[in-house]
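1. Predicted model and sequence below, questions to follow.
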Amino acid sequence: MLNTASWGSGLRQGAWALLLWVTVFDAGVTFCAAEHASPKPHNGENSRIALTQEQLLKGSVPDQPLDDTAVFAMPASAAASTEEFEGRLTLGNLEENDRFRQLADIFRIIPAGDSPWKHLPKFDYEFVQDGSYLVPVQQGLTITGSLSWNYLIGPGRIWQENSDAGYVRASFPFALIQRNQNCVHNGEMTFLFSTRKTPNVSHVYYQITQETCYPMKFDLWGMASATYSPNKVAHANELKKQHAQEIEHRMPTKPFATLAKDFPNSVIDVSAFAKAYKHPEDISTYGVVINGNNYSTACPTRSGQYAFCEDMRLPSYSIAKSVFAGIALMRLGQTYGTGVYGQLIKNFIPAKFVAGNWDTTTFNNVSDMATGNYNLDAYEADEDSPTMDTFLIDETLEAKLVDAFQFKEHYVPPGTKWIYQSSATFVLTQAMNAFLQQKRGQDADIFNLVRDDIYKPLQLTAGALTTIRTSNSPHGAPSGYYGLFLAKDDISKLGNFLNDSGGIIDNTQVLEPTRLKEALFRSSNAFETGVPILGTNSASALGAPQSGSGHAASANTRRYAHGFWGKQITTAEFPEYQCDFWISLMAGYGGNIVALLPNGVTFYIFSDGKEFPWTNALHELAKLSPMPNKSHAATRKLFSTRKTRGII
């Protein structure tokens, strides 16, 4: 059972923060992370050599990107702000005073000459200040009207340094989101302000040197002219309250390396988790959720450590098929009864769009990626086809529905053959939306249902409460197959909610429990849950057909059910284990994995090198507690036993 109040009690004692140096990854890299604690007085003395007051007021662009921590992190000696920021920040000359360095463009989207792809879009947003926090009024995905980019802006920090001669220094994280796509390019901005000085705001320095985006990578940095328009922001106190509650309810976080210290008898090797990666530089971050703690690494960029690691946005890609579309159907099942799983798709999609044979295809069939309709038989061949490319690029609801039903060249009975199609989840999402509107009226929205009934009670971050919708509009239809933007705390809470809490929030069952158990492959009929997965490729979320060091995998050890991937770990394929067990995986394009393990541990890693080597993590996490082969209740007993032995 998940008690959201227990995590945050006592965390937000004040607005200030102590800065702790912690070791991350296996290379001994250190970074500065914020821990919420009681305010402590500082005098603002800081030997700043990067981006001084003079440089920000002058507005000259550096030749190369600057060190993230040195420029954007609040230093340990920072003094409390003597002024309060409330009003609108507008940036100018965004196409004139910047630098762009292209690193990868696999789909050849960025033109050789100047283009909107190489600059920030229009920036004009309101902020309020809550203690030492700078809080954007509009968080979540923000539609800019640009043909290339949208924004996602996060909460930042405000402080003073003596060398700034009376100005107040501010910084905050932001992300560029490719229009109609899930790619995230994470950056930061910083500036000086004072209503007592002229000018009342400096130039704004911005920098992007990190992404979770396999096909497109670049560095972008520059100086923008700025206008600060102080004004009273509507509902400012409510915004501050909401942000304070978000901070208070974050899951306790520890440096990843402390797993070995907290579990001294486990002999866990914290360096093993990334060793199997051929390109570890493509890893954005990773972590382990156990006993209500999020053990997490830092967030490396090409210019040091990201100053706002806890607020770095990570793209869901197809993890949304699990934590949005998959959860949505479980929520409908709990609310309206399990009969919803057998509802026919054709009864909820306008007939003019339906092509192929959907006469008996149910919500459940589509959730299992077994619609019965397909074009290509090979592993994920439909997903990688030009037909799917058209679907992914089109923006309007009507165009996407037409595209989604173009997989119609072959037919088998629904529920018998696994064919992975993002378009199928889109169809399911629209069908669930129509079902919900029949129950609650035309204003009902399936994403808002999940947001209000699941995400908000879990206290997910404000940036996670929106999704990509059709027509590049906040009023479009939710996509379902991708389109969430998660922070590490969001991932940890969702993993814990699914894996360890049984779909219960504050003593209330919010997900239909039988379907959830099936999605976790913990029911007695796991061998029959969903449909078997045949075939593989180099970027398979489940890895190669033989992932272990023993014999080749036997038949029916890879399945897909209700938006989740299942893999049976057998003693034949993995001789290091003493019993057979199933694990459930949520996977996203490029290298994103969230593993829900039957010993109660959740492991997540976000990367963009098209690598999915999760078996090393499984091996190490089995050292924390044995993997049970019967029930998750046994797991809870094992944890209780280990606690009494003083291991935790």
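-> Noted; the coordinates are in hand. Every value quoted in this text rests on a predicted model; they were computed, and no experiment measured them.

2. for this protein, what's the longest strand?
-> strand 216-230 (DSSP state E).

3. so how far is the helix or strand just after that strand off the chain centroid?
-> Moving toward the C-terminus from strand 216-230, the next helix or strand (DSSP states H and E) is helix 236-248. Per C-alpha atoms, centre = their mean, to the nearest Å, the displacement of helix 236-248 from the mean C-alpha position of its chain is 21 Å.

4. hang on, the earlier thing: so for the longest strand of the chain, what's the average pLDDT?
-> Strand 216-230 carries an average pLDDT of 98.

5. Next: stretch 149-165.
-> For stretch 149-165, the per-residue pLDDT averages 97.

6. okay, how far is it across it, tip to tip?
-> With C-alpha to C-alpha, to the nearest Å as the measure, stretch 149-165 spans 36 Å from end to end.

7. can you pull the buried residues of that stretch?
-> Residues 149-161, 163-164 are the ones in stretch 149-165 that count as buried (16 or more other C-beta atoms under 10 Å). All C-beta spots, glycine's among them, are computed from the backbone N, C-alpha and C.

8. Let's see which of the residues you listed end up in strands.
-> Secondary structure from DSSP E places 149-153, 156-159 of the buried residues of stretch 149-165 in strands.

9. Domain boundaries for the protein, per the record?
-> The chain breaks down by automatic domain parsing into domains covering 5-248, 257-296+533-644, 318-486.

10. what's the weakest-modelled helix or strand in this structure?
-> Ranking every helix and strand in the chain by mean pLDDT, DSSP states H and E puts strand 17-24 at the bottom, with a mean of 30.

11. on that earlier part again, tell me which of the domains of the chain sits nearest to Phe527.
-> Nearest to Phe527 among those is domain 257-296+533-644 (6.0 Å), distances taken as C-beta to C-beta.

12. How about the secondary structure of Ala112?
-> Using DSSP: H, G, I helix; E, B strand; the rest coil as the criterion, the local structure at Ala112 reads coil.

13. State the pLDDT value of it.
-> On pLDDT, Ala112 comes in at 94.

14. Please apply the same query to Phe639.
-> 33.

15. Farthest from the middle of this protein: give me that residue.
-> Outermost residue of the chain with respect to the C-alpha centroid, by C-alpha atoms, centre = their mean, is Thr198; its distance is 40.6 Å.

16. how near is that one to Tyr167?
-> For Thr198, the distance to Tyr167 (C-beta to C-beta, to the nearest Å) stands at 11 Å.

17. so what secondary structure elements neighbour the host helix or strand of Lys439?
-> Using DSSP H and E, Lys439 maps to helix 422-440. Using 3 or more C-beta pairs under 8 Å, 6 or more residues apart in numbering; DSSP states H and E as the contact criterion, the neighbours of helix 422-440 among helices and strands are helix 327-336, helix 363-367, helix 386-393, helix 397-404, helix 446-450.

18. now whichever strand or helix holds Trp582: how far from the chain's centre is it?
-> When elements are assigned from DSSP H and E, Trp582 belongs to strand 581-588. Between the centre of strand 581-588 and the centre of its host chain there is 16 Å, according to C-alpha atoms, centre = their mean.

19. following that strand, which helix or strand comes up?
-> strand 592-596.

20. any idea of the mean pLDDT for whichever helix or strand comes after that following strand?
-> Using DSSP H and E, the helix or strand that directly follows strand 592-596 along the chain is strand 602-607. Averaged over strand 602-607, pLDDT sits at 98.

21. Tell me the neighbouring strands of strand 602-607, and mark each as parallel or antiparallel.
-> strand 283-290 (antiparallel), strand 592-596 (antiparallel) (DSSP bridges).

22. Show me the residue at the heart of the chain, geometrically.
-> Looking at the chain with C-alpha atoms, centre = their mean, the centroid-closest residue comes out as Leu486, 2.8 Å off.

23. my guess is Ala80 contacts Val168, does it?
-> No - because the distance of 9.8 Å does not satisfy C-beta atoms under 8 Å, Ala80 is recorded as not touching Val168.

24. So these two - more neighbours on which side?
-> Regarding Ala80 and Val168, a neighbour count based on other C-beta atoms under 10 Å identifies Val168 as having more, with 24 against 18.
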